[in-house]
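Enquirer: Sequence and predicted structure are below.
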Amino acid sequence: MSTTLTQSNQRTGAANGTQRVTYVTPVANILETSDGYLLEAEMPGVAKDGIEVTVENGELVIVGRRADKDMPGTLLYRESRPLDYRRVFDLDPSIDTGRITAKMEQGILKLTLPKAEEVKPRRIEVTD
Amino acid sequence: MSLIRFQPTELSTWSPFERLSTLRDEMNRLFDLSAPGFGDREDRLLGVWSPPLDVFQDKGHVFVKAELPGMKKEDIRISLHENTLTISGERKQEQEVKEGDGYRSERFFGRFHRSVTLPLAVQTSDVKAQYKDGILAITLPKAEEAKPRQIEVQVS
């Protein structure tokens, strides 16, 4: 894995130009196969419509907005962080950004990032 | 990249909430890991999965929320013994990693077990649980004696 999806150290993003927003960095698993990458990021509390995936300047930005911010009553004890999720990955140039697909399953964002056909390893037959 | 999540200083502003995590404080004291406010770092050092729990109440109910992303409903067990609610289960690794594939893993797979002593008496019947968006939400009705009561004062 020489070129890969690497994490950029960008935890906070600016909103409205001035205000700094704090995000939780979701833990993620990345699997690289010869066909592409599969990225799974944990974002509990985020529904399908709370997901924003953007590709810009060779970066993949995933943002998850929690749908469960309203508390059912008053708080007695808390361990979770009531914050949205954000993480930035550097994109491997071999990824075909036009074919990236996303799926949300029980708080796990699953991204499929296929490699462009021309960069896939190919066997070249030797002719006589 | 290290296996331990980097926690910048900005997050230390959340320490008032961390103060409420008495169980975690106890664990810190027990293992002498002086990292208050550093989230699940201890868990990672210990190699266990300890899903975050929240407890709320309203007039008639106690609500317990647990962050359990990527589980199957059938793999979650909930039990209530007296006033101790226990959530346990197992998250299985579904992804197959073949030889030659590159893989980086930060997620935890395996078993977990969390118990919480509820702050007031609840009815053992009529407990409801829902699993949605990776959040397990349990609703427990308060026992009659734990409900707030209004006493009418007769003025004669």
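Expert: Looks like it came in fine.

Enquirer: buried set for stretch A:81-94?
Expert: A:81, A:83, A:84, A:85, A:86, A:87, A:88, A:89, A:91, A:92, A:94 (16 or more other CB atoms under 10 Å in any protein chain shown). Every C-beta, even on glycine, is put in place using the N, C-alpha and C of the backbone.

Enquirer: give me the subset of those residues touching chain B.
Expert: The residues of the buried residues of stretch A:81-94 that also fall near chain B, by CB under 8 Å from any CB of the partner chain, are residue A:81.

Enquirer: And the helices in chain A?
Expert: Per DSSP state H, chain A has no helices. Nothing in it meets that criterion.

Enquirer: residue with max distance from the center of it?
Expert: residue A:128 (47.3 Å; CA atoms, centre = their mean).

Enquirer: give the contact list for that residue.
Expert: Contacts for residue A:128 (CB atoms under 8 Å, 6 or more residues apart in numbering or on different chains) come out as none.

Enquirer: mind checking pLDDT for it?
Expert: Model confidence at residue A:128, expressed as pLDDT, equals 81.

Enquirer: Residue A:109 too?
Expert: Listed pLDDT for residue A:109 reads 97.

Enquirer: do residue B:69 as well
Expert: Looking at residue B:69, the pLDDT reads 95.

Enquirer: I'd say it and residue B:134 touch.
Expert: Yes: with contact defined as CB atoms under 8 Å, residue B:69 counts as touching residue B:134 (3.4 Å).

Enquirer: what residues do those two have in common as contacts?
Expert: Shared contacts of residue B:69 and residue B:134, counting by CB under 8 Å, 6+ apart, come down to A:42, A:43, A:44, A:106, A:107, A:108.

Enquirer: out of the residues you listed, who's nearest chain B?
Expert: Lowest distance from chain B to the shared contacts of residue B:69 and residue B:134 (CB to the nearest CB) belongs to residue A:107, with 1.9 Å.

Enquirer: What count of nearby residues applies to the closest one?
Expert: Residues near residue A:107, counting by other CB atoms under 10 Å in any protein chain shown, number 24.

Enquirer: The one 4 residues further on now?
Expert: In terms of burial, residue A:111 registers 22 neighbours under the definition other CB under 10 Å.

Enquirer: partner residues bridging residue 66?
Expert: All of this refers to chain A. residue A:46 (DSSP bridges).

Enquirer: Wait, chain B was what I had in mind.
Expert: Under the criterion used (DSSP bridges), residue B:66 bridges to residue B:53, residue B:136.

Enquirer: how about it, what does it touch?
Expert: Residue B:66 touches B:51, B:52, B:53, B:54, B:87, B:114, B:135, B:136, B:138, counting by CB under 8 Å, 6+ apart.

Enquirer: In CSV, list those residues along with pLDDT and neighbour count.
Expert: Shown next, in CSV, are these (pLDDT from 0 to 100; neighbours: other CB atoms under 10 Å in any protein chain shown):
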residue, pLDDT, neighbour count
B:51, 92, 25
B:52, 92, 19
B:53, 93, 22
B:54, 93, 23
B:87, 95, 21
B:114, 93, 19
B:135, 95, 23
B:136, 96, 22
B:138, 95, 22
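
Enquirer: Show me which of those residues is closest to chain A.
Expert: Once CB to the nearest CB is applied, the member of the contacts of residue B:66 that ends up nearest chain A is residue B:52, at 3.8 Å.

Enquirer: Quick check: the closest one touching residue A:77?
Expert: No: Residue B:52 lies out of contact with residue A:77 (CB under 8 Å); the separation is 10.4 Å.

Enquirer: related to what we said a few turns ago, need the shared contacts of residue B:69 and residue B:134 in a markdown table with distance to residue A:116, can you?
Expert: Below are these laid out as a markdown table (distance: CB to CB, whole Å):
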| residue | distance to residue A:116 |
| --- | --- |
| A:42 | 28 |
| A:43 | 28 |
| A:44 | 33 |
| A:106 | 31 |
| A:107 | 30 |
| A:108 | 26 |
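
Enquirer: and the residue in chain B that chain A sits nearest to, what pLDDT?
Expert: Nearest to chain A, among the residues of chain B, is residue B:134, at 1.9 Å (CB to the nearest CB). At residue B:134, the predicted lDDT confidence score is 95.

Enquirer: re earlier: against residue A:37, how distant is the residue farthest from the centre of chain A?
Expert: According to CB to CB, to the nearest Å, residue A:128 and residue A:37 sit 38 Å apart.

Enquirer: Could you do residue A:71 as well?
Expert: Per CB to CB, residue A:71 is found 37 Å from residue A:37.
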